[in-house]
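In: I'll drop the sequence and a predicted model, then ask my questions.
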Amino acid sequence: MGETQMSEAARANSEAFLPNPPGAIRRWVAAHPRAIDMAILVCYLIGAIPLALLDIFTLFYDRSGENVIATAAYTLVLSLRLAAGTIALILRRRAPLIGLIIVTVALFGEGGPLVIANAVAGWFLLYAVPVYRDVRTGWIAYAIAVGGNILAVSIPTMTTIFGENPQGRGLIGVIVLDAIWALAVLLIGINLGNRRRYLQAIIDRAHQLARERDQLAQLAVAEERSRIAREIHDIVAHSVSVMIALSEGAARAVEKAPTEAANAMQRSAETGRTALTEMRRLLGALQMSEAADMAPQPSLDDIPGLVQGFEDAGLFVTLDTNVEALPDRLQGLAIFRIVQEGLTNVLRYAGVGAKANVTLRAAADGLEVVVRDHGRPANTVGPTTGLGSGRGLAGLAERVRVFGGSISSGPVPFGEGWQLRAFFPAGAGTNPSERG
């Protein structure tokens, strides 16, 4: 009961160091990105479709007259522009720069009412580039938007079909005004994008520090339990050896020297009582309040459940194995810990949404365990450095060494990502001296 209260207090204390979460509206927006994208797209279509119809209506009655070919061609151009704006907004979150290029190209040509809707869509996309990518890409997008505007107002338009050509009518003013608007949109996007990435980095760092502190506390407890276990081993080994020697001596002397035999048995009893008292004192420190601590040690059969746990935490993990059973249960425990440490590092350094592969491959020369990721997903904050203590990999190296195997970690030979690889030679078994 006391330990449970202490763990709850420690958890509450760790949460006190975390930044306050976003408000209800921002949490809803962050949790429903597709709904926001659909809302923006619907608003665009509500404004763009009437403008396109208005453009066709005014073209047919006011300018084209009986020029049916020109009307049909212009209607096709408007349809392509409307489709371009729709596709560009669909790509707003996944590929905002490509969407901006599409909508910029759609602005070329006749400047009818639909240009208003596409221009607004272009501002949304220009804003999205620094928010979902980075500042450098944002400035590239700004150059594309301004350069596209210069070309759009400079090339001949379809109004020449009807005997008009507005070239030279305030082009510089239009270009400057559009550049100022685009710059304002870009700066807003840069500011909000940097703030978003900064807050995400702070929150990730705070959560990581809280987890690291809990892990360090658990390591301290594990080290203390290991020390107590060694003391128990010494107590049992010494006391039982003494008791055996005294009992054998008393058995041999019971007929010839009954008094000495009785004294020997008395000393054996005292030794046993002393050892029992010390063991009770040490075992009291090892009492565990949580039922999970009393569960059996994990094995090879528990790896699918482990993978599912990391998938629930946000990773995309694929498990490929041809290993069905192992002759040594301790080897199964070692493999489980390797997979656990590898996926923990994927979650720690590649982050939520990362893809990982777990491969367990048995061959004639031995068994290979590989855990690899494919790098950090796009649009996420980079890893926070300096978090690992190296104890996990050091512990794994000791586990693998017991079986005469080897372990290594580092970047994958081809592509992006990191991998943890362990190899257990065929016929590997734990050495009795290594088991203690």
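Out: Received the coordinates, thanks.
In: Give the buried residues for stretch 405-415.
Out: 405, 407, 409 (16 or more other C-beta atoms under 10 Å). No exception for glycine: its C-beta is placed from N, CA and C like everyone else's.
In: counting contacts, what elements does the longest helix belonging to the chain pack onto?
Out: Using DSSP state H, we find that the single longest helix of the chain is helix 171-253. Packing contacts for helix 171-253, counted by 3 or more C-beta pairs under 8 Å, 6 or more residues apart in numbering; DSSP states H and E, involve helix 2-16, helix 114-132, helix 135-154, helix 258-285.
In: now it against helix 135-154, angle please.
Out: Following axes from the mean of the first three to the mean of the last three C-alpha atoms, to 10 degrees, one obtains 160 degrees for the angle between helix 171-253 and helix 135-154.
In: got the angle for helix 171-253 vs helix 258-285?
Out: Interaxial angle, helix 171-253 versus helix 258-285 (the same axes, to 10 degrees): 170 degrees.
In: Just the angle for helix 171-253 relative to helix 114-132, thanks.
Out: 30 degrees.
In: and the nearest residue to A334 once chain neighbours are set aside, how many neighbours?
Out: Excluding the flanking residues, the one nearest A334 by C-beta to C-beta, 6 or more residues apart in numbering is R399, at 4.3 Å. Neighbour count for R399, taken as other C-beta atoms under 10 Å: 20.
In: R399 contacts G332, doesn't it?
Out: No. With contact defined as C-beta atoms under 8 Å, R399 does not reach G332; the gap is 11.3 Å.
In: Next, the buried residues of the helix or strand in which E341 is found.
Out: Per DSSP states H and E, E341 falls inside helix 329-345. For helix 329-345, a neighbour-count test (16+ other C-beta under 10 Å) marks 330-345 as buried.
In: what helices or strands is it leaning on?
Out: In this structure, helix 329-345 packs against helix 303-312, strand 355-362, strand 366-373, helix 391-402, strand 418-425, with contacts taken as 3+ C-beta pairs under 8 Å, 6+ apart.
In: Between those, which has the poorest mean confidence score?
Out: Among those, helix 391-402 carries the lowest mean pLDDT, a mean of 77.
In: so it versus strand 366-373, what angle?
Out: 170 degrees.
In: Who are the packing partners of the helix or strand following helix 391-402?
Out: Scanning forward in sequence from helix 391-402 by DSSP H and E, the next helix or strand is strand 406-411. Here strand 406-411 touches helix 391-402, strand 418-425, going by 3+ C-beta pairs under 8 Å, 6+ apart.
In: Just the closest of the buried residues of stretch 405-415 to F310, please.
Out: For these, the minimum distance to F310 (C-beta to C-beta) is 17.6 Å, reached by S409.
In: quick one: contacts for the closest residue to the closest one other than its chain neighbours?
Out: Among residues not flanking S409 along the chain, L420 sits closest, at 4.6 Å (C-beta to C-beta, 6+ apart). L420 sits next to 338, 341-342, 345, 370-372, 393, 407-409 when contact means C-beta atoms under 8 Å, 6 or more residues apart in numbering.
In: at 7 Å what do you get?
Out: Applying C-beta atoms under 7 Å, 6 or more residues apart in numbering to L420 gives the contacts 338, 342, 371, 409.
In: what about A210, how many residues close to it?
Out: For A210, the neighbour count with other C-beta under 10 Å is 18.
In: Next, work out how far apart it and D204 are.
Out: Plainly put, A210 is 11 Å away from D204 if you go by C-beta to C-beta, to the nearest Å.
In: and what of Y349?
Out: The gap separating Y349 from D204 is 11 Å, by C-beta to C-beta.
In: swap in T271?
Out: When T271 is compared with D204 (using C-beta to C-beta), they lie 57 Å apart.
In: likewise E270?
Out: E270 is 59 Å from D204, by C-beta to C-beta.
In: Looking only at neighbour counts, state which of the two leads.
Out: Ranked by neighbour count (other C-beta under 10 Å), E270 and D204 place D204 first, with 18 against 13.
In: In contact with I150, which residues?
Out: Contact analysis of I150 by C-beta under 7 Å, 6+ apart lists I175.
In: pLDDT score for it?
Out: Reported pLDDT for I150: 86.
In: And for the one 3 residues further on?
Out: Note for V153: predicted pLDDT of 78.
In: do G85 as well
Out: So G85 comes in at 90 (pLDDT).
In: and if you look at the one 4 residues further on?
Out: Model confidence at L89, given as pLDDT, is 91.
In: what kind of secondary structure is the residue nearest to it when sequence neighbours are not counted in?
Out: In space, and not counting its chain neighbours, L89 is closest to L41: 5.0 Å by C-beta to C-beta, 6+ apart. Classification of L41 by DSSP: H, G, I helix; E, B strand; the rest coil places it in helix.
In: ditto for L319
Out: Per three-state DSSP, the local secondary structure of L319 is strand.
In: just the helices and strands packed on strand 406-411: most buried one?
Out: Highest mean neighbour count among the helices and strands packed on strand 406-411 (mean count of other C-beta atoms under 10 Å): strand 418-425, with a mean of 20.
In: Alpha carbons of it, as PDB, please.
Out: C-alpha atoms of strand 418-425 as PDB (Å, rounded to 0.1, in the frame of the first residue of the first chain):
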ATOM      1  CA  TRP A 418      19.200   2.400 -37.500                       C
ATOM      2  CA  GLN A 419      19.500  -1.300 -36.700                       C
ATOM      3  CA  LEU A 420      20.300  -3.500 -33.700                       C
ATOM      4  CA  ARG A 421      21.600  -7.000 -34.600                       C
ATOM      5  CA  ALA A 422      22.400  -9.900 -32.400                       C
ATOM      6  CA  PHE A 423      23.600 -13.400 -33.400                       C
ATOM      7  CA  PHE A 424      23.400 -16.600 -31.400                       C
ATOM      8  CA  PRO A 425      25.600 -19.400 -32.800                       C
END
